[in-house]
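S.K.: Structure for the following, please:
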Amino acid sequence: MTPVDPAEAGIFEALTRATDAVTFTSAYRRHDDGSVMHVEVHSNGCATATASCG
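M.R.: Sure, this is the predicted structure:
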(Lines give C-alpha, C1' and ligand atoms only; values in the text may rest on other atoms or scores of the structure.)
Protein backbone atom coordinates (compact mmCIF):
# COMPACT_ATOMS: atom_id res chain seq x y z
CA MET A 1 0.00 0.00 0.00
CA THR A 2 1.07 3.55 -0.70
CA PRO A 3 -0.36 6.68 0.95
CA VAL A 4 -2.58 8.60 -1.49
CA ASP A 5 -1.25 11.82 0.09
CA PRO A 6 2.52 11.51 0.69
CA ALA A 7 2.24 14.14 3.43
CA GLU A 8 0.34 11.57 5.52
CA ALA A 9 3.21 9.07 5.52
CA GLY A 10 4.38 10.24 8.98
CA ILE A 11 1.22 9.45 10.93
CA PHE A 12 2.93 7.13 13.40
CA GLU A 13 5.57 9.75 14.18
CA ALA A 14 2.79 12.24 14.91
CA LEU A 15 1.10 9.70 17.20
CA THR A 16 4.26 9.23 19.24
CA ARG A 17 4.44 12.99 19.86
CA ALA A 18 0.75 13.42 20.75
CA THR A 19 -0.01 14.16 24.38
CA ASP A 20 -3.78 14.01 23.89
CA ALA A 21 -5.98 11.35 22.32
CA VAL A 22 -6.05 11.71 18.52
CA THR A 23 -7.59 9.95 15.54
CA PHE A 24 -6.12 9.99 12.03
CA THR A 25 -7.89 8.74 8.91
CA SER A 26 -5.70 8.24 5.86
CA ALA A 27 -6.25 6.91 2.36
CA TYR A 28 -3.94 4.24 0.96
CA ARG A 29 -3.83 2.87 -2.58
CA ARG A 30 -3.49 -0.91 -2.93
CA HIS A 31 -0.73 -2.05 -5.27
CA ASP A 32 -2.56 -5.16 -6.47
CA ASP A 33 -5.75 -3.61 -7.85
CA GLY A 34 -5.36 0.18 -7.49
CA SER A 35 -8.32 0.53 -5.14
CA VAL A 36 -8.24 3.00 -2.26
CA MET A 37 -8.78 1.94 1.34
CA HIS A 38 -9.19 4.24 4.33
CA VAL A 39 -7.33 3.41 7.52
CA GLU A 40 -8.24 4.95 10.87
CA VAL A 41 -5.61 5.02 13.62
CA HIS A 42 -6.41 5.95 17.24
CA SER A 43 -4.14 7.02 20.07
CA ASN A 44 -4.89 7.34 23.77
CA GLY A 45 -2.41 10.19 24.17
CA CYS A 46 0.18 8.42 26.31
CA ALA A 47 3.41 9.74 24.82
CA THR A 48 5.85 7.58 26.80
CA ALA A 49 5.94 4.13 28.35
CA THR A 50 6.33 5.73 31.79
CA ALA A 51 3.39 8.13 31.40
CA SER A 52 0.45 7.63 33.72
CA CYS A 53 -2.44 6.72 31.45
CA GLY A 54 -5.01 6.71 34.22
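
S.K.: Let me see the ranges of the strands in the protein.
M.R.: Counting by DSSP state E, the chain has strands at residues 2-3, 22-29, 36-43.

S.K.: Could you export those strands as a markdown table, including distance to Ala9, mean neighbour count and mean pLDDT?
M.R.: From N, CA and C alone the C-beta is placed, and that goes for glycine too. What follows is those, written out as a markdown table (distance: least, C-beta to C-beta, whole Å; neighbours: other C-beta atoms under 10 Å; pLDDT from 0 to 100):
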| stretch | distance to Ala9 | mean neighbour count | mean pLDDT |
| --- | --- | --- | --- |
| strand 2-3 | 5 | 12 | 87 |
| strand 22-29 | 9 | 14 | 90 |
| strand 36-43 | 12 | 12 | 90 |
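
S.K.: which residue sits closest to the residue nearest in space to the middle of the chain in space, ignoring its chain neighbours?
M.R.: Using C-alpha atoms, centre = their mean, the residue of the chain that lies closest to the mean C-alpha position is Ile11, 4.0 Å off. The shortest distance from Ile11 to any non-neighbouring residue, by C-beta to C-beta, 6 or more residues apart in numbering, is to Phe24 (5.0 Å).

S.K.: ok, that neighbour to Thr2 distance?
M.R.: According to C-beta to C-beta, to the nearest Å, Phe24 stands 16 Å off from Thr2.

S.K.: what's the closest of the strands of the chain to Thr16?
M.R.: Checking the strands of the chain against Thr16 by C-beta to C-beta gives strand 36-43 as the closest, at 8.6 Å.

S.K.: In the sheet, which strands lie alongside that closest one, parallel or antiparallel?
M.R.: strand 22-29 (antiparallel) (DSSP bridges).

S.K.: got the contact list for the strand it pairs with?
M.R.: 1-5, 8, 11, 14-15, 35-43, 45 (C-beta atoms under 8 Å, 6 or more residues apart in numbering).
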